[in-house]
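Engineer: Mind looking at a prediction? Sequence and model below.
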Amino acid sequence: KQEVTQIPAALSVPEGENLVLNCSFTDSAIYNLQWFRQDPGKGLTSLLLIQSSQREQTSGRLNASLDKSSGRSTLYIAASQPGDSATYLCAVLRDDKIIFGKGTRLHILP
Amino acid sequence: NAGVTQTPKFQVLKTGQSMTLQCAQDMNHEYMSWYRQDPGMGLRLIHYSVGAGITDQGEVPNGYNVSRSTTEDFPLRLLSAAPSQTSVYFCASSFGLGGYTFGSGTRLTVV
């Protein structure tokens, strides 16, 4: 059974710092991996999608990497801003299902 | 705007009542799915569909029914609401191996 783990569960960092969020999964036979952002009381916004054949994707200050062999993905956020405060969710897709981690709750301190 | 539309946004039910959560997408996506999100439990898959006329159970299907008569719509039915079904429900759609698009959610309270 595929399990997705995100560490840490919560993180507070001062504004301007670079940071890394971690995601691990138990079954490396995935089709793709997707990172989402969720603001309190809101829906999920897609940030980055990495196909299984890719190693990384970039969008603005965000960079996501994928290492299938080790079952790991990282989301790198450069020059963090208070507006980056949210919960970040990692999800893996296989067999028509998407399985989520429980998320990392990020707080950027002004 | 293209995307996934969920209605209603908020709902309060009494125990034992039934209702249908609506989900519609206009992106011609094959895959649609329903999730519930609970504190400490994350997002859990309820039911999913890989195309019109095809549905299957996810991780927590008990107490819920679905059908997929058209590509666009994927309603979720609560047969007899229970307090344990108090949650936020999200519908999502995807085309093949592309990324998922989520609706804005339905916040359901069962009293």
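Structural biologist: Thanks, I have the structure now.

Engineer: Distance of B:Lys9 relative to A:Lys42?
Structural biologist: Separation of B:Lys9 from A:Lys42 (Cβ to Cβ, to the nearest Å): 11 Å. (Each C-beta comes from the backbone N, C-alpha and C, glycine too.)

Engineer: Chain A contacts on chain B?
Structural biologist: For chain B, the contact set with chain A under Cβ under 8 Å from any Cβ of the partner chain comprises B:31, B:33, B:35, B:40-43, B:45, B:48, B:50, B:56, B:58, B:90, B:92, B:94, B:97-105.

Engineer: Buried members of those into ChimeraX, please.
Structural biologist: To isolate in ChimeraX the members of the residues of chain B next to chain A that are buried, counting by 16 or more other Cβ atoms under 10 Å in any protein chain shown, one can use:
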select /B:31,33,35,42,43,45,48,50,58,90,92,94,98,99,100,101,102,103,104,105
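
Engineer: can you tell me which residues contact B:Gly63?
Structural biologist: For B:Gly63, the contacting residues are B:Leu78, B:Leu79, B:Ser80, B:Ala82, B:Gln85, taking Cβ atoms under 8 Å, 6 or more residues apart in numbering or on different chains as the criterion.

Engineer: So among those, where is pLDDT lowest?
Structural biologist: For the contacts of B:Gly63, the least confidently modelled position is B:Leu79, at 91, judged by pLDDT.

Engineer: wouldn't that one be in contact with B:Asn65 here?
Structural biologist: Yes - proximity of B:Leu79 to B:Asn65 meets the contact threshold set by Cβ atoms under 8 Å, at 6.2 Å.

Engineer: and chain A, which of its residues are near chain B?
Structural biologist: By Cβ under 8 Å from any Cβ, the part of chain A that sits against chain B consists of A:31-32, A:34, A:36, A:42-46, A:49, A:51, A:89, A:91, A:93, A:96-103.
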